[in-house]
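J.: Attaching a predicted model along with its sequence, questions to come.
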Amino acid sequence: MRQRLSSEPDRYRGRRRVPTPPRSRYAAVVTGAFVGAGIVALGAGALPDAKSADPAVLAGLKQAAAAQGDLAERADDASRASRANDRDALVDSAAQDAWKLPLTDYDIIAPYGERWGEMHTGVDLAAPEGTPYLSVHSGVVTKAGWYGGYGYTVIVRQDDGTEAIYGHSSRLLVQEGQQVQAGAQLGLVGNTGHSYGSHLHFEVHVNGAPTDPVPFLNDRGVDLKLKTESLFAE
Ligand SMILES: [Zn+2]
């Protein structure tokens, strides 16, 4: 697995990632298969009737196997270089464009939509009290404090102009006016305000109106239901 932003390895625990274009791995696997085939061909040519095997054919096969070994080595170099390039590109673009899951592990216990005759304007993600939750995108903290039925709440005005609201916290880890990146710890999951058990109420506003966070994040490479996020934001 690619290690990006390896200064924060804990964030990736218990989370699956969508595989990104596996260029380097594909090259390695294909080359490996060719080398394997070369060895099998050599064995088949040499073993059953070694005396009658044409030495020129054998030499040719050996040469082919050596060339394939060479190819494997070069593919390895190429994949190392490609990994290095990917890392550089990621450092440049990831912080600005990235979208993340708000939690590493959780259960969706209430979807967005009508509930008990009332509109539920976000998704409820159950997680143990005290679990850190993360900013899904970069932006500025416009609210960090008590927010009525939402309890202790963080609101981030995100760099794309949308707003993300994180409710029912047990503790807040940011202050109003603070800039945050995707993946920054904003607070700890709790049960404050109008809540019925430890969970994060996660809400997204587009043009000031609540929208279903599931398709919203899906469009940005983050799947709340599968708990996956893509490495590249597009
Ligand atoms: Zn809720």
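T.: Yep, it's here.

J.: Can you give me the distance of the closest residue in space to residue 110 that isn't next to it in sequence to residue 220?
T.: Excluding the flanking residues, the one nearest residue 110 by C-beta to C-beta, 6 or more residues apart in numbering is residue 124, at 3.9 Å. (Glycine included, C-beta is placed from N, CA and C.) Shown here: residue 124 relative to residue 220, a distance of 20 Å by C-beta to C-beta, to the nearest Å.

J.: what's the answer for residue 120, then?
T.: As it turns out, when the distance is counted by C-beta to C-beta, residue 120 lies 21 Å from residue 220.

J.: Looking at these two, which one has more neighbours?
T.: When neighbours are counted by other C-beta atoms under 10 Å, residue 120 and residue 220 differ, and residue 220 comes out ahead with 20 against 16.

J.: residues near whatever residue of the chain ends up closest to the ion, how many?
T.: Using C-beta to the ion, the closest approach of the chain to the ion is made by residue 201 at 3.4 Å. Applying other C-beta under 10 Å, we find 24 other residues in the vicinity of residue 201.

J.: For it, identify the helix or strand it belongs to.
T.: Using DSSP states H and E, residue 201 sits in strand 199-206.

J.: how about that strand: buried residues?
T.: Residues 199-205 are the ones in strand 199-206 that count as buried (16 or more other C-beta atoms under 10 Å).

J.: try stretch 217-225
T.: For stretch 217-225, the neighbour count (16+ other C-beta under 10 Å) marks 217, 220-224 as buried.

J.: show me which of these neighbour the ion.
T.: Taking C-beta under 5 Å from the ion as the test, the ion is in contact with none of these.

J.: Go through those and flag which are in strands.
T.: Helix and strand membership here follows DSSP state E; of the buried residues of stretch 217-225, those in strands are 222-223.

J.: Check the gap between residue 211 and residue 179 for me.
T.: As for residue 211, its distance to residue 179 is 24 Å (criterion: C-beta to C-beta).

J.: ok, the nearest residue to residue 229 once chain neighbours are set aside - contacts?
T.: Distances taken as C-beta to C-beta, 6+ apart put residue 222 closest to residue 229, at 4.5 Å, once the chain neighbours are dropped. For residue 222, the contacting residues are 99-101, 136, 228-230, by C-beta atoms under 8 Å, 6 or more residues apart in numbering.

J.: Among the residues you listed, which ones are in strands?
T.: By the criterion of DSSP E, membership of the contacts of residue 222 in strands covers 228-229.

J.: out of the contacts of residue 222, which is most surrounded?
T.: Using other C-beta under 10 Å as the neighbour criterion, residue 136 leads the contacts of residue 222 with 30 neighbours.

J.: what's it in contact with, if anything?
T.: Residues counted as contacts of residue 136 (C-beta under 8 Å, 6+ apart) are 99-102, 158, 164, 182, 202, 217, 222.

J.: where does it fall, phi/psi-wise?
T.: When read as degrees, to the nearest 10, the backbone of residue 136 gives phi -80, psi -20.

J.: same question, residue 213
T.: When read as degrees, to the nearest 10, the backbone of residue 213 gives phi -60, psi -20.

J.: And for residue 149?
T.: Phi and psi for residue 149, reported as degrees, to the nearest 10, are phi -60, psi -20.
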